[in-house]
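In: Structure for this input, please:
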Amino acid sequence: MNAAVGDRLLVHGHIVGERDRSGVITEVQGPEGEPPYMVRFDDGHTGLVFPGPDAVVVHK
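Out: Okay, here's the model as predicted:
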């Protein structure tokens with residue numbers, strides 16, 4: 001998985017009824033666009049994310 005600042009991260013809910021979460025990648029900490037990513041989620045929460053198989057990067 002590779003990303004750049006400004007790309008969006010979409011994390012699919014993995015429990016029935018759980019909503020998907022999405023946000024803007026504000027910092028890429030891994031080499032060559034690899035995780036971890038600092039993400040500002042749409043709900044205002046900011047966090048360091050190590051995306052799993054339930055995550056997708058949407059390039060800008």
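In: Okay, now the sheet partners of the top strand by length along the chain, with direction.
Out: In the chain, with assignment by DSSP state E, the single longest strand is strand 21-28. Strand 21-28 sits in its sheet next to strand 8-11 (antiparallel), strand 37-41 (antiparallel), going by DSSP bridges.
In: contacts for it?
Out: If you take CB atoms under 8 Å, 6 or more residues apart in numbering as the criterion, strand 21-28 is touched by 3-11, 13, 34, 37-43, 45-46, 57. Where you see a C-beta, it was placed from the backbone N, CA and C, and this is true even at glycine.
In: Now that strand: buried residues?
Out: Of the residues in strand 21-28, those with enough neighbours to count as buried (16 or more other CB atoms under 10 Å) are Arg21, Ser22, Gly23, Val24, Ile25, Val28.
In: same thing with stretch 33-48?
Out: Pro35, Tyr37, Met38, Val39.
In: Contacts only, for the residue nearest the centre of the chain.
Out: Of all residues in the chain, the one closest to the mean position by CA atoms, centre = their mean is Leu9, 3.1 Å from it. Contacts for Leu9 were tallied using CB under 8 Å, 6+ apart; they are 3, 22-25, 37, 39, 49, 51, 55-58.
In: Report the separation between it and Leu48.
Out: The spacing between Leu9 and Leu48, counted by CB to CB, to the nearest Å, is 12 Å.
In: Please identify every residue contacting each of the two.
Out: Shared contacts of Leu9 and Leu48 (CB under 8 Å, 6+ apart): Tyr37, Val39.
In: So what sits opposite Val57 in the bridge?
Out: When bridges are assigned using DSSP bridges, the partners listed for Val57 are Leu9.
In: who's in contact with it?
Out: Met1, Asn2, Ala3, Asp7, Arg8, Leu9, Leu10, Ile25, Pro51.
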